[in-house]
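> dropping the sequence and predicted coords here.
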Amino acid sequence: MVLSTRVRMARNLDKWTFTHWSKKEVLKELGEKIKEVVLGTKLLGDGLLINMDDLSEMERMMLAERRLISQKMVRLFQNRSLIVSKDEGLGVMINEEDHLRLYATDAGLSVKKVFSKVNSLDDQLDKKLNYAFSERFGYLTACPTNVGTGLRVSTLVHLPGLVLNNDIRQVIDGMRHVRLSVRGTYGEGSEVIGNFFQISNSITLGLSEVETVENMEMHIRKVLEFEKKARNRLMKEAHTLLEDKVYRSFGVLKNARIINSKEAMKLISDVRMGVGLKILSDIKLSNLNEMLTRLQPIHLQNFSGKAMTPEERDIARADLIRSVLS
């Protein structure tokens, strides 16, 4: 039910203007200073340094589809960089909205593990960089919503049971009541597709980092319990209808010759639920999860080695799905 966990920290250097106030010369000098320190850490000493100025727009968009950089860095790329580990599980965006955006990701519900990884990197950088910090407010950030810990914990969850039972609105309202944000698959401003939701903490001021992590994991586990109950109820009260929905979606995915990204995600959602409920066997969740990344527009074009029209992408997407499922 949990595809991935991501923890991000926003940090800025003391005595330096925020990026949106900085001139090109300042951003360049600041970037070089930060890159040297990050590449000198044990955790990212062998990481891959990618300067956004050296990439095409399509290459930057592919990094965004892999969630290695933000959509903002796709547009504002001058004097901005990424340093990422070889397994893509740990990275630093340099000169994004803040001077540093540290992040770590992992599969499944692994909030404490992911936080520990990014916190270790933060500790190593803190020894070399003078962070902008206030005794009253905590870490100072370009956007006031990140002031305090600068910590954002998010999980990508799959909740088809709650959607089918029409309980999802009540659960979302409950999460917002405890200061959690619920967004679409790709974060802020994105649409909810295929019953995939991104849940993250809303506040960074007034709670410690450890409290934020513990609260987040506790509330996510509650949501997962609601989802389990919803799926069990569906299996008990509408078993045949549920089986029919799963098998129909599987049949379309396995035989379609043209399919757009929205339809593909909705059908994959049904199949994922079928695998979770053991309606379907011999299908690995890891393959379905990988498809969610590979079916995105830029990934399809990169795989084919050429630019494609939307119609050509829909054909290539269907080809890829059939090859994975067979």
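Arrived safely, thanks for sending. Numbering: from 1, shown residues only.

> any idea which helix or strand carries the spatially most central residue of the chain?
By Cα atoms, centre = their mean, the mean C-alpha position of the chain lies nearest to Arg67, the distance being 5.7 Å. Under DSSP states H and E, no helix or strand contains Arg67.

> what sits against it?
By Cβ atoms under 8 Å, 6 or more residues apart in numbering, Arg67 lies in contact with 6, 105. Using the backbone N, CA and C atoms, a C-beta is placed for each residue, glycine as well.

> now do it against Ser81, distance only.
17 Å (Cβ to Cβ, to the nearest Å).

> show me how the record splits this protein into domains.
2-227, 239-325 (automatic domain parsing).

> what about the last one, distance to the chain center?
Taking Cα atoms, centre = their mean, to the nearest Å, one finds the center of domain 239-325 at 19 Å from the center of the full chain.

> how long is it end to end?
24 Å (Cα to Cα, to the nearest Å).

> what mean pLDDT does that domain get?
For domain 239-325, mean pLDDT is 93.

> quick thing: my sequence starts at 51, can you match it?
I'll keep to 51 as the first residue from here, and by that count the last item is domain 289-375.

> can you give me the strands in this protein?
52-61, 98-101, 131-134, 140-144, 150-157, 183-184, 188-189, 201-208, 230-233, 246-251 (DSSP state E).

> can you redo those as CSV with distance to Val168, mean pLDDT and mean neighbour count?
Below are those laid out as CSV (distance: least, Cβ to Cβ, whole Å; pLDDT from 0 to 100; neighbours: other Cβ atoms under 10 Å):
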stretch, distance to Val168, mean pLDDT, mean neighbour count
strand 52-61, 5, 96, 23
strand 98-101, 17, 98, 15
strand 131-134, 13, 98, 22
strand 140-144, 7, 98, 27
strand 150-157, 4, 97, 22
strand 183-184, 17, 96, 12
strand 188-189, 14, 96, 20
strand 201-208, 9, 96, 24
strand 230-233, 19, 90, 19
strand 246-251, 14, 94, 21
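
> Ile333: which of those strands is closest?
Closest to Ile333 of these is strand 201-208 (Cβ to Cβ; 14.6 Å).

> what residues does the closest one touch?
With Cβ under 8 Å, 6+ apart, strand 201-208 has contacts from 51-60, 159, 161, 165, 196, 235, 237, 244-251, 254, 259, 262-263, 266, 270, 273-274, 277, 319, 322-323.

> what of stretch 311-323?
208, 210-211, 235, 243-246, 281, 295-296, 298-300, 302-303, 309, 330, 333, 335, 338, 341-342, 345-347, 367, 371.

> no further queries at this time; thank you.
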